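Trainee: structure of the sequence below:
(chains A, B, C, D, E and F)
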There are 4 protein chains.
Amino acid sequence: MARGNTRQRIQDVALELFAEQGYEKTSLREIAERLDVTKAALYYHFKTKEDIVISLFQDLTRPIDELIAWAEEQPHTLETKQEILRRYQEALVGAYPLFRFMQENQATVRELSIGETFKERMITMTRLIQEPGLALTDRVRCVSALFTMHAGMFFMQHVEGDPEDKREAVLEVAVDLVSQAHHGPRG
Amino acid sequence: MARGNTRQRIQDVALELFAEQGYEKTSLREIAERLDVTKAALYYHFKTKEDIVISLFQDLTRPIDELIAWAEEQPHTLETKQEILRRYQEALVGAYPLFRFMQENQATVRELSIGETFKERMITMTRLIQEPGLALTDRVRCVSALFTMHAGMFFMQHVEGDPEDKREAVLEVAVDLVSQAHHGPRG
Amino acid sequence: MARGNTRQRIQDVALELFAEQGYEKTSLREIAERLDVTKAALYYHFKTKEDIVISLFQDLTRPIDELIAWAEEQPHTLETKQEILRRYQEALVGAYPLFRFMQENQATVRELSIGETFKERMITMTRLIQEPGLALTDRVRCVSALFTMHAGMFFMQHVEGDPEDKREAVLEVAVDLVSQAHHGPRG
Amino acid sequence: MARGNTRQRIQDVALELFAEQGYEKTSLREIAERLDVTKAALYYHFKTKEDIVISLFQDLTRPIDELIAWAEEQPHTLETKQEILRRYQEALVGAYPLFRFMQENQATVRELSIGETFKERMITMTRLIQEPGLALTDRVRCVSALFTMHAGMFFMQHVEGDPEDKREAVLEVAVDLVSQAHHGPRG
DNA sequence: GATGAATGAGAGTTCATTCAT
DNA sequence: CATGAATGAACTCTCATTCAT
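Mentor: Sure thing, here's the model as predicted:
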């Protein structure tokens, strides 16, 4: 029937279910049934269950890697940092279900071979938005800026308001935190 | 050795393993083996696997419920909010492994009967540290303050510095965010 | 129902089926069905399928180990060697199905952790019935004596004659081979 | 590289893997991967997995069938028997991997359609090297001569000495056994 | 002469859970 | 207060095989 796109369809359904129910609680049978193929068909396209999740990761990792690569070449100005945050938020929004999956299945992800990779990206990101030699509080502000954006993705659903407005507000707060850190000890 | 404390020992080991490996990947066999009892023994003390995790929850929920109860009776001053954050951090530190477990197994927790409970607590917490009628950005700041503290518990391990200093810095940033929100549109 | 002897029954049925159909072609489902228990029951008694086969091995290995231990303490006379062969045949007959299984599933056995163990026993056995410094032909005779007995167990079915008579004839030929070797270059 | 010889290459690889790991544990996927073709390609050349093994058999069966045909026409002298053994060893050496496969996968081979065929050949062989009406012991000697040669192929690896010398010694012992049988009750 | 995509059947294994003792 | 023995359901994964292209 549908031909050539089965691999993609597996990824789509898998991501949806992983995000919804968690990785462990989603069985290959379930994925296969939704696609109306057999379990064995999944194994034609992916070597293991973990392989499916790894392939999904690249969709999130690639944009962030590109962002990091771009950031490494920019001057360390406040404008750059703002732009990093803006682009980071863009990446998060663009890969929302995957990011949600990672957020909600950290215990699983940690044991999956990509766990380290992901944490490294986060560490690199914090490095990019903070100057070396910042006071501890300001370093915390930078980490906080990043996690504010993560929180913005999930918890903010429970805050009333227009989604787009909320997104902007989240970015504003994050930028603000980084600005405070950038200018150093307030004064 | 000590007798009659098996129930407690089950909880301890279960929490340790749940936090380390995740709920789904931790089997009752594993818990039983660590305790050098049989699986059936676990069933003497807990009706189901989920029951174990529910019992663990109360250790985290109770302190936070107490905190909420206390906060509800205080005046809505900035000082109160600062104290709320301080006590919240205290609760987090005091129930570190459990909190880590909840953080890293959200997908699982959501499906467990306590899932809702926990999210409600979070929503209540944000309500307590923000005035009604705040601008969206300021509401974000309050949410951000809470998540800064969560991030502080886990991600801050990757930031260099004395743990105690880091904890204080985290609290300072959180308090700062709430202060900004409290004073409303900056000026 | 039948209690306490399930482990033994598993071993019995497994050995029977392994010998009949081979290790790989015998599924745990089949074993379980014959015993009228579930597959999971097998796993209560044995950690893996391989574990079943390992446990079976000990029934063959132990008598042979005892034989080796006994032989090591005897003088290297012809009489001793004859007695070794006699006892070896006894061991073979006593563990007939297991031995047949090993003989017919060598490819499998080799990959199973006990493969080496078994080969070592054979090498030790040949050492015990030959003097050091024998001519090559005589060393071959000793190996041949051993394999004659193996052949005697299986292939001799296709030779007509009373089983007991055949067994004796096999032993006689084996003893003869070892005697020739013992006396060295014929003369 | 060379084209049109795929069928042969499949046989070569299959035999190698079957001998090394056993028939059941060797999957068509593995064979295909080694040849860098798809599994489906194997099905172009062979109708089933069993078909591959059957095709391999003929390489061993044919020389032995020829040997049998030749032997049937010879006078029943001792010299003929010696020559049979010599040629038999030659056939074994010439089809070493296949013979090893048969030896180590008897359980499997027995269920494969060629199982009977092979056993029949063995029985015919023993008939050829023994006179009708021999004493039981002497019949055993003849069987033993054959199995000495089999043992010589595999177990003799564990005996030190030059391979060619060992081969000769094996033949010598086999011939000796048949000679003893030929001359009947020793005297 | 071969591939890409898929299937159906079944494998070994693990799990939470039960219950008589 | 706990064990020994077992179950039923599910799991991930592999296999030989098929067939349209």
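Trainee: chain A: helices as residue ranges?
Mentor: A:6-21, A:28-35, A:39-45, A:49-72, A:78-94, A:96-104, A:106-111, A:115-128, A:136-154, A:163-182 (DSSP state H).
Trainee: dump these to a markdown table, plus mean pLDDT and distance to B:Gln21.
Mentor: In this view, the C-beta of every residue, glycine as well, is placed from N, C-alpha and C. Below are the helices of chain A laid out as a markdown table (pLDDT from 0 to 100; distance: least, C-beta to C-beta, whole Å):
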| stretch | mean pLDDT | distance to B:Gln21 |
| --- | --- | --- |
| helix A:6-21 | 94 | 18 |
| helix A:28-35 | 96 | 21 |
| helix A:39-45 | 96 | 25 |
| helix A:49-72 | 91 | 15 |
| helix A:78-94 | 93 | 27 |
| helix A:96-104 | 87 | 16 |
| helix A:106-111 | 86 | 7 |
| helix A:115-128 | 85 | 12 |
| helix A:136-154 | 91 | 23 |
| helix A:163-182 | 94 | 32 |
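Trainee: and for the nearest residue to A:Ile84 once chain neighbours are set aside, the neighbour number?
Mentor: Among residues not flanking A:Ile84 along the chain, A:Ala71 sits closest, at 5.2 Å (C-beta to C-beta, 6 or more residues apart in numbering or on different chains). By the measure other C-beta atoms under 10 Å in any protein chain shown, the count of residues near A:Ala71 is 20.
Trainee: distance of the most centrally placed residue in chain A from B:Ala107?
Mentor: Chain A has A:Phe99 as the residue nearest its centroid, 4.0 Å off, counting by C-alpha atoms, centre = their mean. According to C-beta to C-beta, to the nearest Å, A:Phe99 stands 13 Å off from B:Ala107.
Trainee: what residues does chain A put near DNA strand E?
Mentor: Residues of chain A that fall close to DNA strand E, judged by C-beta under 7 Å from any atom of the strand: A:Ala2, A:Arg3, A:Gly4, A:Thr6, A:Val37, A:Thr38, A:Lys39, A:Ala40, A:Ala41, A:Tyr43, A:Tyr44, A:His45.
Trainee: go with 10 Å
Mentor: Those residues of chain A that sit near DNA strand E, judged by C-beta under 10 Å from any atom of the strand, are A:1-7, A:9-10, A:28-29, A:32, A:35-45.
Trainee: quick one: buried ones out of the residues you listed?
Mentor: Buried by 16 or more other C-beta atoms under 10 Å in any protein chain shown: A:Thr6, A:Arg9, A:Ile10, A:Leu28, A:Ala32, A:Leu35, A:Val37, A:Leu42, A:His45, out of those.
Trainee: using CSV, lay out the residues you listed together with distance to chain B.
Mentor: Formatted as CSV, those follow (distance: C-beta to the nearest C-beta, whole Å):
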residue, distance to chain B
A:Thr6, 26
A:Arg9, 22
A:Ile10, 20
A:Leu28, 15
A:Ala32, 20
A:Leu35, 21
A:Val37, 25
A:Leu42, 20
A:His45, 24
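Trainee: contacts for stretch A:87-103?
Mentor: By C-beta atoms under 8 Å, 6 or more residues apart in numbering or on different chains, the residues outside stretch A:87-103 that reach it are A:15-16, A:18-19, A:23, A:56-57, A:59-60, A:63-64, A:67, A:70, A:109, A:118, A:125, A:146, A:149-150, A:152-154, A:167, A:170-171, A:174, B:106-107.
Trainee: what's the ChimeraX line that selects buried ones from those?
Mentor: Here is the ChimeraX selection string for the buried members of these, based on 16+ other C-beta under 10 Å:
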select /A:15,18,19,23,56,57,60,63,64,67,109,118,125,146,149,150,152,153,167,170,171,174 /B:106,107
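Trainee: and of the buried ones among the residues of chain A next to DNA strand E, the nearest to chain C?
Mentor: A:Leu28 (20.2 Å; C-beta to the nearest C-beta).
Trainee: can I assume the closest one is in contact with A:Ala40?
Mentor: No - under the criterion of C-beta atoms under 8 Å, A:Leu28 makes no contact with A:Ala40, lying 9.7 Å away.
Trainee: please parse chain A into its domains.
Mentor: Structurally, chain A divides into domains by automatic domain parsing as follows: A:1-47, A:57-183.
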